[in-house]
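# task: produce atomic coordinates for the following.
(chains A, B, C and D)
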2 protein chains.
Amino acid sequence: MSASVEPEAKESREKRPRAAQRIQEAAKELFYRHGIRATGIEEVCRVADATKMSLYRAFPSKDALVAAILEEDGQEMECLMDGVCQCSATPREKLNRLVEVMCEMIAQPGQRGCPLLLAQSEFPDSDHPTHRIVAEVKARKRAKMVQMAQDADAKDPAAFADAMGIMMEGSWFTLPFMGVERTTKAFRLATSALFRDQLPA
Amino acid sequence: MSASVEPEAKESREKRPRAAQRIQEAAKELFYRHGIRATGIEEVCRVADATKMSLYRAFPSKDALVAAILEEDGQEMECLMDGVCQCSATPREKLNRLVEVMCEMIAQPGQRGCPLLLAQSEFPDSDHPTHRIVAEVKARKRAKMVQMAQDADAKDPAAFADAMGIMMEGSWFTLPFMGVERTTKAFRLATSALFRDQLPA
DNA sequence: ACTTAGAGTGACCGGTCAGTAACATCAAGA
DNA sequence: TCTTGATGTTACTGACCGGTCACTCTAAGT
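Residues are numbered from 1 along each chain as shown, chains lettered A, B, ... in the order given. Below is the predicted model of the structure:
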C-alpha cells in the first residue's frame, strides 16, 4: 500500500486520514498500551491531534469507539489467519506456519495479550458491547481453526481447535511476566506436543 | 512499648472478623467480579459494612489494598499447589492431580481468569506494585512446577513448566467465551498431549 | 467509673472523566 | 462568490473517585 497523504489523481478522494481515522488509530494504540479505562478521551484527542468534538461527531460514545477498534482488531486477526489458511501448503504445514506467525506477533514489542480479551477483562459485565464482539470474533477464529484441524486429520478437530486457542491466548497473556524467549519456546513445545499427539504421523 | 493488649493463650480473643478483614474480603470479591478500577472505595465499604476511615486506617491506599488481596490470592494458589505436591503419589500422578485441581477451580462459577493477571492487565504500567507481586508469585509457582517436572523426568523441565503455565493461564482466561465444558476438555487434551510427549512412558 | 483504642459519621477537597454547547475556521465545489 | 460540511476552540456540566478531616460512639480492660 503506497497510499499516503498524496493529493493526486483527478479524484481527490484522499481525505481519509481525517480526524475520525486519526482518533481511532491513536485510541487503538493508547487503549492497548495503557488500558481503556486508564485512557481518557482528552488524551486520545491530544495524541490524535484532534478535538473532542471530532471524536463525538464520529463516535457516539467512548464505548462505540472501543467497539470500532475491537472490530478492527478482530478483522486484522482474521486476515492473519486467512493468510496462513490460504497459502499453498499441506494442512500440517499450515498449522506449523500458524505457530510461527503467532510467535512473530508475540515477539513484537509491547505485547501484553489479545486486545479483545484485554478489553473483555476490563469490562466484565456480560452485557457490555465488548462481549458480543469478542464472542463473534473468537467464534469465527475457532471455525477456521476447526477447519484446519479437519484438513490435517486431527482426531478431534473441535477439541484440537480449542486446545490451540488456549495455547495461543495463554502465551500471549503470560508474555509480560515470562518474556519472549521462554514464552515462544514453551508455546512451540506445547503445540508440537499437541500436533504429535493429535495429528497422524 | 508499654501496656499492650497481649492476647494470651487461654483467652478468647475472637472478634477477628474485624473491619479490616471484612473490607479485604469484600474488596477481593468485588475487584474480581467487576474489576478493580470499576469498583469504588465507597462501594467496597458499603458491601463490607464498614467505613472509608476504617479502610484507610488499615490500608494506606487503594493500591495497598489491592496489593494485600493479590498477596492473599498468591498464597492461596501456592497452598493449592503444595497440596498436590505434598500428597503421596508418583510424580506423574501429581501432575494429573494438578490438572484435575485446575479443572475444578475453573469450573467454579464466576471465574474469568487468574486474579493476578487480571489485575496486571488493569494496570499495565510496569512500575505498579501489582507487577512485582505477580512476578514473585508466578516465579514461585514456576519453581514448584519445574520441580514436579524434574521429579517426573521431563525432557526439559523448565520448558515443560512454562508450557503448563501457558495452558493453565490460557484456559482460565478463555473460559468466559469458551465455557466450562469446552475449556476443561481442551485443557485436559493439551496437558495429556504434553505429558505423553515430554514424560517417559 | 475511667481510660483507651478501634470504629463509625458525614461533610468535604481536589482532581478527573465523559459528554455537550456555542461559536469560529477553512477547505473545496457549485 | 457563496455555500457547505467537516473541523477546531473554549468553556462548561454533572457525576464520580480517592482520600482527608473533625468529631462521636462503643466496648473492653484495669
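# so for stretch A:167-179, what gets flagged as buried?
The neighbour-count check on stretch A:167-179 (16 or more other Cβ atoms under 10 Å in any protein chain shown) flags A:M167, A:M168, A:E169, A:G170, A:S171, A:W172, A:F173, A:T174, A:L175, A:P176, A:F177, A:M178 as buried. All C-beta atoms are positioned from the backbone trio N, CA, C, and that covers glycine.
# brain fart, stretch A:39-58
Neighbour-count burial for stretch A:39-58 [16+ other Cβ under 10 Å]: A:T39, A:I41, A:V44, A:C45, A:V47, A:A48, A:A50, A:S54, A:L55, A:Y56, A:A58.
# OK, contacts around the last one?
Neighbouring residues of A:A58 by Cβ atoms under 8 Å, 6 or more residues apart in numbering or on different chains: A:A19, A:A20, A:I23.
# what's the burial count for the last one?
It refers to A:I23. For A:I23, the neighbour count with other Cβ atoms under 10 Å in any protein chain shown is 27.
# any idea which element it lies in?
Secondary structure from DSSP states H and E places A:I23 in helix A:19-34.
# and that helix, what other elements does it pack with?
Applying 3 or more Cβ pairs under 8 Å, 6 or more residues apart in numbering or on different chains; DSSP states H and E, one finds that helix A:19-34 contacts helix A:41-48, helix A:52-58, helix A:62-85, helix A:115-122.
# off-centre distance for it?
Relative to the mean C-alpha coordinate of its chain, helix A:19-34 is positioned 15 Å out (Cα atoms, centre = their mean, to the nearest Å).
# so does it get close to DNA strand D?
Yes - interface with DNA strand D: helix A:19-34 contributes A:A19, A:A20 (Cβ under 7 Å from any atom of the strand).
# mind saving the C-alpha coords of that helix as PDB?
The C-alpha coordinates for helix A:19-34 follow below in PDB (Å, rounded to 0.1, in the frame of the first residue of the first chain):
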ATOM      1  CA  ALA A  19      -9.900  13.200  12.200                       C
ATOM      2  CA  ALA A  20     -12.000  10.100  12.800                       C
ATOM      3  CA  GLN A  21      -9.300   7.900  11.500                       C
ATOM      4  CA  ARG A  22      -6.500   9.600  13.400                       C
ATOM      5  CA  ILE A  23      -8.600   9.300  16.500                       C
ATOM      6  CA  GLN A  24      -9.300   5.600  16.000                       C
ATOM      7  CA  GLU A  25      -5.600   4.900  15.400                       C
ATOM      8  CA  ALA A  26      -4.400   6.900  18.400                       C
ATOM      9  CA  ALA A  27      -7.100   5.300  20.600                       C
ATOM     10  CA  LYS A  28      -6.200   1.800  19.500                       C
ATOM     11  CA  GLU A  29      -2.600   2.400  20.500                       C
ATOM     12  CA  LEU A  30      -3.300   4.100  23.800                       C
ATOM     13  CA  PHE A  31      -6.100   1.700  24.800                       C
ATOM     14  CA  TYR A  32      -3.800  -1.300  24.200                       C
ATOM     15  CA  ARG A  33      -0.800   0.200  25.900                       C
ATOM     16  CA  HIS A  34      -2.300   1.700  28.900                       C
END
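# great, nothing more from me.
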